[in-house]
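Visitor: Compute the structure for the input listed below.
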Amino acid sequence: MKVFNPLRSAIVLSGIAVLVASGTAYADTSVTTATTSVASSVEVQQIRNATVKIDFSGTTFLVDPMLSPKGGFPGFEGTYRSELRNPLVEMPFSVDEVLKSVEAVVVTHTHTDHWDEAAQQQIPKNLPVFVQNDADAKTIRAQGFKDVRVLKGTTTFNGVKLSKTGGQHGTDLFYADPERAQMGGSVMGVVFSAPKAKTVYVAGDTVWRPEVDQALAQHRPDVVILNTGSALVSGFEEHPIIMGKQDTLQATKAAPKAAIVAVHMDSVNHMSLSRKELREFVQENKIRDRVMIPEDGEVMKVYRNKAA
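Guide: All right, here's what the predicted structure looks like:
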């Protein structure tokens with residue numbers, strides 16, 4: 001039986017509340033006990049990097065699994081601190097624990113820090129895998145996966161609606177260079193929704209763009225998960241290829257009723273923004289009550305605030 005640390009913090013917004021607890025598995029008894037009378041809760045667990053585990057309306061999704069041990073593969077050539085080996089840190093618990101109860105996998109794109117060799121080898125080949133396009137589907141099918149589904153618009157899985165959202169893995173200036181554009185490739189975000197449940201938007205590896213504004217306006221998510229490590233490519237240091245500090249602040253303004261969850265930091269070589277730095281920024285800008293910056297292994301439970 002897993003034992004969890006006490007409740008760490010909470011965010012209460014208009015209509016929702018987010019409880020955060022540290023732990024080494026997916027369900028936190030202390031949080032569940034406190035909220036069993038509250039319907040339509042959603043659990044989000046930060047695993048490591050951009051890897052999150054989402055328990056949504058009774059179905060558990062694993063998003064962007066990077067499951068290698070510390071130092072399992074080289075740093076990304078042509079990026080910030082490429083001499084470092086990835087991942088920079090170990091996972092908070094075993095691969096078996098990460099995969100426990102997972103019913104489907106979502107791969108927003110096939111860069112190694114979102115879909116590594118360890119994931120390809122250790123995830124059961126019969127699990128459904130949702131991908132952004134036919135090219136990624138072909139790649140993952142060739143790795144032996146039997147149920148690869150291209151997310152085109154929206155689809156439903158176990159009563160959960162998955163909606164594809166757009167984005168771009170870098171600025172327009174970055175993509176104006178054909179070599180850089182090939183490096184960035186194409187990416188997607190995903191919105192999880194269901195009747196009587198809170199809506200969760202995983203933005204994916206994107207900078208802030210009209211597609212992000214469109215997703216926020218269309219889906220009105222209760223939880224917005226952003227990749228905020230401010231990743232840098234050599235020669236484009238002034239133009240990060242994912243979000244960072246200012247985007248976190250922008251999210252609190254663009255989605256004023258949502259809880260913002262910041263991930264994709266401290267785990268791979270080209271991230272230039274740490275959790276520590278982002279926490280300081282959040283404190284300075286007085287948005288601490290809006291932004292969660294979970295440690296690896298932490299569980300966030302989102303539910304409807306009965307007072308709302």
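
Visitor: Flag every buried residue along stretch 253-260.
Guide: For stretch 253-260, burial by neighbour count (16 or more other Cβ atoms under 10 Å) applies to 254-255, 258-260. C-betas here are computed from N, CA, C, even on glycine.

Visitor: and what of stretch 103-121?
Guide: By neighbour count on 16+ other Cβ under 10 Å, the buried set for stretch 103-121 is 104-116, 118-120.

Visitor: all strands for the stretch 51-200 of the chain, in order.
Guide: According to DSSP state E, counting those that start in this stretch, the stretch 51-200 of the chain carries its strands in the segments 51-56, 59-63, 104-106, 129-131, 148-150, 154-157, 160-165, 189-193, 200-202.

Visitor: List the strands paired with the third one, with their directions.
Guide: When pairing is defined by DSSP bridges, strand 104-106 lines up against strand 59-63 (parallel), strand 129-131 (parallel).

Visitor: ok so, going back, now render the strands of the stretch 51-200 of the chain as JSON lines, adding distance to residue 179 and mean pLDDT.
Guide: Listed next are the strands of the stretch 51-200 of the chain as JSON lines, based on distance: least, Cβ to Cβ, whole Å; pLDDT from 0 to 100:
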{"stretch": "strand 51-56", "distance to residue 179": "28", "mean pLDDT": "97"}
{"stretch": "strand 59-63", "distance to residue 179": "28", "mean pLDDT": "98"}
{"stretch": "strand 104-106", "distance to residue 179": "28", "mean pLDDT": "99"}
{"stretch": "strand 129-131", "distance to residue 179": "24", "mean pLDDT": "98"}
{"stretch": "strand 148-150", "distance to residue 179": "27", "mean pLDDT": "98"}
{"stretch": "strand 154-157", "distance to residue 179": "34", "mean pLDDT": "98"}
{"stretch": "strand 160-165", "distance to residue 179": "26", "mean pLDDT": "98"}
{"stretch": "strand 189-193", "distance to residue 179": "25", "mean pLDDT": "98"}
{"stretch": "strand 200-202", "distance to residue 179": "28", "mean pLDDT": "98"}
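
Visitor: ranking those strands by burial, who's on top?
Guide: strand 200-202 (a mean of 28; mean count of other Cβ atoms under 10 Å).

Visitor: Check whether residue 85 really touches residue 68, as I assumed.
Guide: No. Judged on Cβ atoms under 8 Å, residue 85 makes no contact with residue 68 at a distance of 9.8 Å.

Visitor: These two: which has the busier surroundings?
Guide: In terms of neighbours (other Cβ atoms under 10 Å), residue 68 is the more surrounded of residue 85 and residue 68; the figures are 23 against 15.

Visitor: That one - nearest residue in space that isn't next to it in sequence?
Guide: Leaving aside its chain neighbours, residue 68 sits nearest to residue 118 (4.2 Å; criterion: Cβ to Cβ, 6 or more residues apart in numbering).
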